[in-house]
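>>> coords please:
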Amino acid sequence: MDMNDVAKRGLVLLGCGKMGSAMLAGWLRNGLPPQSVWVIDPHPSDWLKQQGVHIGAETPENPAIALIAVKPQMMKDALPDLRSLGNGSTLVISVAAGTPIATFESMLGDQTPIIRAMPNTPAAIGRGITALIGNARTDEDDLDLAEALLWSIGQTVRLEHESQMDAVTAVSGSGPAYVFHLIEALAAAGVAEGLPEDMAMTLAKATVGGAGDLAENADEDPRQLRVNVTSPNGTTQAALEVLMNPENGFPALLRRAVAAAANRSRELSRE
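Below you'll find the model as predicted:
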């Protein structure tokens, strides 16, 4: 199955909020015909209504893809709309956080090919990263197709085991919030050293955004990039001696933060 099959058989999108809209915009931009897309959403946005896609509960009989992009708490109400597509050749892809594959198998049938994916919020600007894992009914072609769809919102990585999804949630799923807080804290520290608030925030946002781009695109790894900008006995070294303190610096703090997020992810998946 490839994108031509998706165009012919159709794609059903269950939920078209921020994440669903970001994906749909990418698919349409990359040439998927609007008439090949069926969207089920109780509150379609004005933007969605202008895209030329089908909107409503009606779906094609045997679509190539059913992509679930509703919030986890809405899952039990929304999934019955897709029950008729279970145990068939429709590939089900979920980007709903915290919902394990077993939940979909129990509601749609254990013969359903299912891929669970975890994107993050930079997907809204096409700069996300999504981790994915398939159940026993999926094959390499299914994963390739899921990646082709998810590339519309950024990079992808494949997991070896579904249990790794809790760590992914803690690192990249929740991670943008850690970076946003870093920006807040860096700007506040600049204000404490005498900068105007607006200037401090502009400097902090541009610094974090630029450093992130450099880390992704440079040949050197982040450790080497750090070394490159750290002059002996200079200002950066003075700061890093605080930040890299093994007891109360970044390493220990982020280890505790990521562990707390991963543990909460495990708890939520059992509820």
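>>> in PDB, list the C-alpha atoms belonging to the helix or strand of the chain with the lowest mean pLDDT.
Within the chain, no helix or strand scores below helix 75-78, which has a mean of 80 by mean pLDDT, DSSP states H and E. Taking Å, rounded to 0.1, in the frame of the first residue of the first chain, the C-alpha atoms of helix 75-78 are listed here in PDB:
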ATOM      1  CA  MET A  75     -11.400   8.100  22.800                       C
ATOM      2  CA  LYS A  76     -14.200   5.900  24.100                       C
ATOM      3  CA  ASP A  77     -16.800   8.100  22.600                       C
ATOM      4  CA  ALA A  78     -15.000   8.500  19.300                       C
END
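>>> which SSE is immediately downstream of that helix?
strand 91-94 (DSSP states H and E).
>>> which elements pack onto that next one?
Contacts defined by 3 or more C-beta pairs under 8 Å, 6 or more residues apart in numbering; DSSP states H and E place strand 91-94 against strand 65-68, helix 101-108, strand 114-118, helix 140-150. Quick note: C-beta positions are derived from backbone N, CA and C, even for glycine.
>>> distance from the chain centre to it, please.
15 Å (C-alpha atoms, centre = their mean, to the nearest Å).
>>> with adjacent residues omitted, what lies nearest to residue 186?
In space, and not counting its chain neighbours, residue 186 is closest to residue 204: 4.1 Å by C-beta to C-beta, 6 or more residues apart in numbering.
>>> what's next to the helix or strand that contains that neighbour, contact-wise?
For residue 204, the element it lies in under DSSP H and E is helix 197-217. Here helix 197-217 makes contact (C-beta atoms under 8 Å, 6 or more residues apart in numbering) with 179, 182, 183, 184, 186, 187, 188, 190, 191, 195, 222, 225.
>>> buried subset of those?
With neighbours counted using 16 or more other C-beta atoms under 10 Å, the contacts of helix 197-217 contain these buried positions: 183, 186, 187, 190, 195.
>>> contacts only, for the last one.
If I follow you right, that is residue 195. Neighbour list for residue 195: residue 203 [criterion: C-beta under 8 Å, 6+ apart].
>>> measure it to residue 203 for me?
7 Å (C-beta to C-beta, to the nearest Å).
>>> what of the second one?
According to C-beta to C-beta, residue 186 and residue 203 sit 8 Å apart.
>>> coming back round to it: can I get the contacts of helix 197-217 in CSV with distance to residue 264?
Converted to CSV, the contacts of helix 197-217 look like this (distance: C-beta to C-beta, whole Å):
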residue, distance to residue 264
179, 19
182, 20
183, 23
184, 22
186, 26
187, 27
188, 26
190, 32
191, 32
195, 35
222, 26
225, 31
